[in-house]
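# A predicted structure for the sequence below; I have some questions about it.
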2 protein chains.
Amino acid sequence: MMGIADVARLAGVSKSTASRALTGAGYVSAATRERVQRAAAELGYVASTSAVSLVTGRTRNVGVVMPCVNRWFFAEVLEGIQDSLLEEGLNLTLYDAQPGTPGRRRIFEEFLSRKQFDGLIAVGLEPEDAELARLRRIGTPVVSIVGGAEGLSVIALDDDHAARRATDHLIALGHRRILFLGGGAPDGPKVAGSDVERARREGYRGAMADAGMGDLAQHVVSSLSLPSGYAAAVDVLGSRDRPTAIVGVCDEVAIGAIIAARRLGIQVPNDLSVVGIDDHEYAEMFALTTLRQAPREQGAAAVRTLLDHLADPERPPTVIRAQARLVVRNSTGPVNPRRSAAVADASLGRL
Amino acid sequence: MMGIADVARLAGVSKSTASRALTGAGYVSAATRERVQRAAAELGYVASTSAVSLVTGRTRNVGVVMPCVNRWFFAEVLEGIQDSLLEEGLNLTLYDAQPGTPGRRRIFEEFLSRKQFDGLIAVGLEPEDAELARLRRIGTPVVSIVGGAEGLSVIALDDDHAARRATDHLIALGHRRILFLGGGAPDGPKVAGSDVERARREGYRGAMADAGMGDLAQHVVSSLSLPSGYAAAVDVLGSRDRPTAIVGVCDEVAIGAIIAARRLGIQVPNDLSVVGIDDHEYAEMFALTTLRQAPREQGAAAVRTLLDHLADPERPPTVIRAQARLVVRNSTGPVNPRRSAAVADASLGRL
DNA sequence: TTGAAAGCGTTACCAG
DNA sequence: CTGGTAACGCTTTCAA
């Protein structure tokens, strides 16, 4: 095991000088620095992280907690975080805290209090009270993506606004029978993403109400996944008085609806308009109109914010709430008068 | 900052005794242990990881390197690893080493040599020679998932075998015009997954050759993603002399082909059979016949193997090569005689 | 069964 | 600009 002592000896200087030369802190003559660096390179010396951390109090390590990594949004955020961290020479310790698992409990009770990192990024966590309490007591800065909490810095999408714009877009195209697809049952059990889903549903409702169509608002339950969106849409679209437009709680659900429509012979966008929220990697393939959020950039922003907090511990928490941009593709179009009429007929029981 | 000294003081014992009581190593009377633990709990004491690592030489931390986290397979493997690690009370440090990025270079040149972890799991890395050399010199055990290398323990799928079985399944159904969809151009640039793709293509070719249909073997390029599979399949299926069956290099590509077929009005499985490799989360929704690999379990197995190496450093490397199991759903069926004839006609130029 | 003391490999402080 | 020395917080001999 090669230590800085070996480097110092080879370079013919003291440990202190070697340390200064290598870390760049403090005065060292150019010649000495050169000599020490050469020696270190020759020996393949790498400083022991534990020793450095022990004495400096910094781990050069950032913790990331998220409820899963196998969903598009989370994976993207994670890559965004990783990229930024790498640039700063910081390590990423991952905690995959799936709700309701013993692993999650352990993460909150043991791992997070180990102070193995200089700061923490929590993504879409929707922590319970006990968990939130632990988060606060961590002692290092915490930045939250998606969800927020008093006293933490937050990077999030304005979900209400996104859903509102999605709905408004459909309304502007003349749609009235607009369905909101996705999210849990109004008083079902709490699952990952349910806060987000609720906010989006509220946005949808708000837009409908503002357009004087509050009584037409309709919500069908679906998990935030493509197969689930597909299954739910098959049910919904099978009925005679089906909607002319669907707001998907997220792109995967919206795409599920498009696939369902195709299978049932319903033309998109002629007979059915579909809009999502995300701008998922599949959105383009399905020509999905959607509200773009940029998860990678959210990840990068979280790292920046965290770094700011690290540099100045007194810095008050900040909240960034981004507005999604509408990306119009080909899954939405003006309401089809024929279908519309047929629907009207159907609803009057004449067909 | 509370140290073990504070715990010791409160419990009225020495640091050594406190340490023994807390770590469980060495003799401590039950009464003392009780007292120390109570004191620790009262103070909310948590041992400093860096201090412990410094003295024990163990970080209780496992590194995981993969070329991306936003693809199904990798995300699943990652969750499998995380679950197992959590159970063992080990931390996971993630390195997302996307090929060709400066980040990747940095990971190999700086991070991996920091010895911040007790062991490393490399997933689908396909390292270049220089990278592999670094991997070997890490000094901690390395377990590889997917790819392998002399001297490392490996957990992998038998890709050749999987593709063979996929192809045999189609042959047994009477198909002759079977296309292999996916993977890079034979001598294109090296991209993530290209070794895997090559092995699967070989398996396909082998099966075709063994059935005396080697000259019918046909390969169309596609990236390992759903949109890419879709686009490639649209091209392929648009032509009059299209295949009656497709082997997708992975499920996403296969599903892309199914979606393409539907769009073109081609019935699956009546007019086209499609088989994939993976058993992706969407496979069931598309009734995709596929060869199941279990990435979570591969992750778990890698952790087990790594732990074995940690427990016994002399343990020679092991290689586990799993055989995928055929899961028959509804995307494959007997070749349709009518279409088959039409194709034969077309190929003779009579249509 | 317990305590004192010696490190683990660095950085940081203080003289020189 | 450089070298000695004291931490950093813990585990681990070694004696008692």
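Received, thanks. As the structure is a prediction and not an experimental result, all values here were calculated from the model.
# from here on, contacts and neighbour counts on C-alpha atoms
Will do.
# DNA strand D contacts on chain A?
When proximity is defined by CA under 7 Å from any atom of the strand, chain A lies next to DNA strand D at A:12-17, A:26-33, A:51, A:54-55.
# could you redo the last one with a cut-off of 6 Å?
A:13-14, A:16-17, A:27-29, A:32, A:54-55 (CA under 6 Å from any atom of the strand).
# Could you chop chain A up by domain?
Following automatic domain parsing, chain A resolves into domains at A:4-56, A:61-157+A:295-323, A:159-293+A:326-348.
# tell me the mean pLDDT over the last one?
It refers to domain A:159-293+A:326-348. Mean pLDDT, domain A:159-293+A:326-348: 91.
# hang on, the earlier thing: can you add mean neighbour count and give the domains of chain A back as JSON lines?
As requested, these are arranged in JSON lines below (neighbours: other CA atoms under 10 Å in any protein chain shown):
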{"stretch": "domain A:4-56", "mean neighbour count": "16"}
{"stretch": "domain A:61-157+A:295-323", "mean neighbour count": "20"}
{"stretch": "domain A:159-293+A:326-348", "mean neighbour count": "21"}
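# Please name whichever of the ones you listed is nearest to B:S225.
domain A:159-293+A:326-348 (9.5 Å; CA to CA).
# Chain neighbours aside, what residue packs nearest to the residue in the stretch 101-250 of chain A that DNA strand D sits nearest to?
Across the stretch 101-250 of chain A, no residue is closer to DNA strand D than A:R114, which sits at 10.0 Å (CA to the nearest atom of the strand). Of all residues not flanking A:R114 in the chain, B:V46 sits nearest, at 6.2 Å (CA to CA, 6 or more residues apart in numbering or on different chains).
# check contacts around that neighbour.
Going by CA atoms under 8 Å, 6 or more residues apart in numbering or on different chains, B:V46 touches A:113-114, B:3, B:40.
# measure the closest residue to DNA strand D within the stretch 51-200 of chain A to chain B for me?
For the stretch 51-200 of chain A and DNA strand D, the shortest gap (CA to the nearest atom of the strand) falls at A:V55, measuring 3.6 Å. Separation of A:V55 from chain B (CA to the nearest CA, to the nearest Å): 9 Å.
# Tell me the secondary structure at that residue.
helix (DSSP: H, G, I helix; E, B strand; the rest coil).
# Can I get the contacts of B:V46 in JSON lines including pLDDT?
Below are those laid out as JSON lines (pLDDT from 0 to 100):
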{"residue": "A:S113", "pLDDT": "87"}
{"residue": "A:R114", "pLDDT": "85"}
{"residue": "B:G3", "pLDDT": "92"}
{"residue": "B:A40", "pLDDT": "95"}
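# what about the helix or strand hosting A:L120, distance to the chain center?
Element membership of A:L120 [criterion: DSSP states H and E] is strand A:119-123. Computed by CA atoms, centre = their mean, to the nearest Å, the chain-centroid distance of strand A:119-123 equals 12 Å.
# again, but for stretch A:54-64
Per CA atoms, centre = their mean, the centroid offset for stretch A:54-64 relative to its chain is 24 Å.
# List of residues touching it?
A:49-50, A:52-53, A:89-95, A:116-123, B:50-51.
# Out of these, which are close to DNA strand C?
Answer for the contacts of stretch A:54-64 near DNA strand C (CA under 6 Å from any atom of the strand): A:V52.
# Output stretch A:147-166 as CSV, restricted to C-alpha atoms.
This file holds the C-alpha atoms of stretch A:147-166, laid out as CSV (Å, rounded to 0.1, in the frame of the first residue of the first chain):
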residue,chain,number,x,y,z
GLY,A,147,-41.5,17.0,-4.8
GLY,A,148,-40.7,19.7,-2.4
ALA,A,149,-40.8,20.5,1.3
GLU,A,150,-40.5,23.5,3.5
GLY,A,151,-36.9,24.4,4.0
LEU,A,152,-35.4,22.4,1.1
SER,A,153,-34.3,23.7,-2.3
VAL,A,154,-36.6,22.4,-5.0
ILE,A,155,-36.3,21.8,-8.7
ALA,A,156,-39.7,20.9,-10.2
LEU,A,157,-42.1,21.1,-13.1
ASP,A,158,-45.2,23.2,-12.7
ASP,A,159,-47.5,20.2,-13.1
ASP,A,160,-50.7,22.1,-12.7
HIS,A,161,-49.6,24.4,-15.4
ALA,A,162,-48.5,21.6,-17.8
ALA,A,163,-51.8,19.8,-17.5
ARG,A,164,-53.7,23.1,-18.0
ARG,A,165,-51.8,23.8,-21.2
ALA,A,166,-52.4,20.3,-22.5
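# chain center to that stretch: distance?
With CA atoms, centre = their mean, you get 11 Å for stretch A:147-166.
# A:V143 versus A:L85, what's the distance?
Distance of A:L85 to A:V143, given as CA to CA, to the nearest Å: 14 Å.
# repeat for A:D235
From A:D235 to A:V143 the distance is 40 Å (CA to CA).
# what about stretch A:247-256 and chain B, any contact?
No. Using CA under 8 Å from any CA of the partner chain, stretch A:247-256 stays clear of chain B, coming no nearer than 9.8 Å.
# For that stretch, measure first residue to last.
End-to-end for stretch A:247-256, by CA to CA: 12 Å.
# outside of it, which residues touch it?
Stretch A:247-256 has contacts (CA under 8 Å, 6+ apart) with A:163, A:166-167, A:178-183, A:197, A:200-201, A:222-231, A:233, A:246, A:274-280, A:283, A:286, A:288, A:290.
# can you tell me which of those residues are in helices?
Judged by DSSP state H, those include A:163, A:166-167, A:197, A:200-201, A:226-231, A:233 as members of helices.
# Save those as TSV, and put in distance to DNA strand C too.
Below are these laid out as TSV (distance: CA to the nearest atom of the strand, whole Å):
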residue	distance to DNA strand C
A:A163	49
A:A166	52
A:T167	55
A:E197	46
A:R200	48
A:R201	51
A:L226	50
A:P227	52
A:S228	52
A:G229	53
A:Y230	56
A:A231	57
A:A233	59
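# Closest one of the residues you listed to chain B?
Checking these against chain B with CA to the nearest CA, the nearest one is A:P227 at 5.9 Å.
# residues contacting the closest one?
Here A:P227 is in contact with A:253, A:256, B:282, B:285 (criterion: CA under 8 Å, 6+ apart).
# Recalculate using a threshold of 6 Å.
B:M285 (CA atoms under 6 Å, 6 or more residues apart in numbering or on different chains).
# What pairs with the strand holding A:L120, parallel or antiparallel?
strand A:61-66 (parallel), strand A:142-145 (parallel) (DSSP bridges).
# Give the next helix or strand downstream of the longest one.
The first helix or strand that comes after strand A:61-66 along the chain, using DSSP H and E, is helix A:72-88.
# Likewise for the last one?
Stepping forward along the backbone from strand A:142-145, the first helix or strand reached (DSSP H and E) is strand A:153-157.
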